[in-house]
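> structure for this input, please:
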Amino acid sequence: MSKLVPRTAALALVCLLSTTADARDLFILDAGTARDSGHDVEDLVSDFLLRRGAFSGFALQPTSTATLDYLGVANAVRISSSGFGTQVVLQIPSTGFSRTFVGTSPADVQNQIEHFFEHGGSGEVAKFLEKTSARTPLAPT
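Just a heads-up that it's a prediction; the model follows:
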């Protein structure tokens, strides 16, 4: 009986922790009065850049700023948009990365950012993940 209680308690703790961890989205994008979260950062950033979904209220604002919380690390990424989305500055404070993307439309800028991370920006992503893993107990090991 004495071995059963610790095993039951351990099992209950594991179930509780896994439920809590599963309940939190990996990414939270916060733009002041608008906030969205999920497990697909590309969708969240695209919605912000193209002013869709939770960020549709920014459609008539010439400037907006959003910060990305990743695995509990607040302000892991900062996105500043101006010119109604035709100029975007993407910053990763933990790595010192900053890059400005300029296009003819918000969709053009969104495509440039996507292309950057698919073709050449992987080193920045690796640095970001390394820095983030060191700052949060929620990061994958």
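> which parts of stretch 52-64 are buried?
54-55, 58, 64 (16 or more other Cβ atoms under 10 Å). In this view, the C-beta of every residue, glycine as well, is placed from N, C-alpha and C.
> can you check stretch 37-47 too?
For stretch 37-47, burial by neighbour count (16+ other Cβ under 10 Å) applies to 44-47.
> can you list contacts of that stretch?
Stretch 37-47 is contacted from outside by 25-29, 36, 52-55, 68, 70, 79, 110, 113-114, using Cβ atoms under 8 Å, 6 or more residues apart in numbering.
> what pLDDT, on average, does it get?
Average pLDDT, stretch 37-47: 94.
> ok, Glu124 to Leu90 distance?
9 Å (Cβ to Cβ, to the nearest Å).
> which neighbours do those two share?
With Cβ under 8 Å, 6+ apart, Glu124 and Leu90 have common neighbours Phe97.
> quick revisit: and the contacts of stretch 37-47, which of them are buried?
Here, 16+ other Cβ under 10 Å leaves 27-29, 36, 54-55, 68, 70, 79, 110, 113 buried among the contacts of stretch 37-47.
> hmm, which helix or strand of the protein has the shakiest average pLDDT?
When the helices and strands of the chain are scored by mean pLDDT, DSSP states H and E, helix 4-23 comes last with a mean of 38.
> that one: what's the following helix or strand?
For helix 4-23, the following helix or strand on the C-terminal side (DSSP states H and E) is strand 27-31.
> from the rest of the structure, what touches that next one?
By Cβ under 8 Å, 6+ apart, strand 27-31 touches 35-41, 44-45, 47-48, 55, 58, 64-70.
> next, the buried residues of the longest strand seen in the chain.
Assignment by DSSP state E gives strand 73-82 as the longest strand of the chain. Using 16+ other Cβ under 10 Å as the test for burial, strand 73-82 gives 73, 76-77, 79-82.
> which residues are in contact with Asn75?
67-69, 93.
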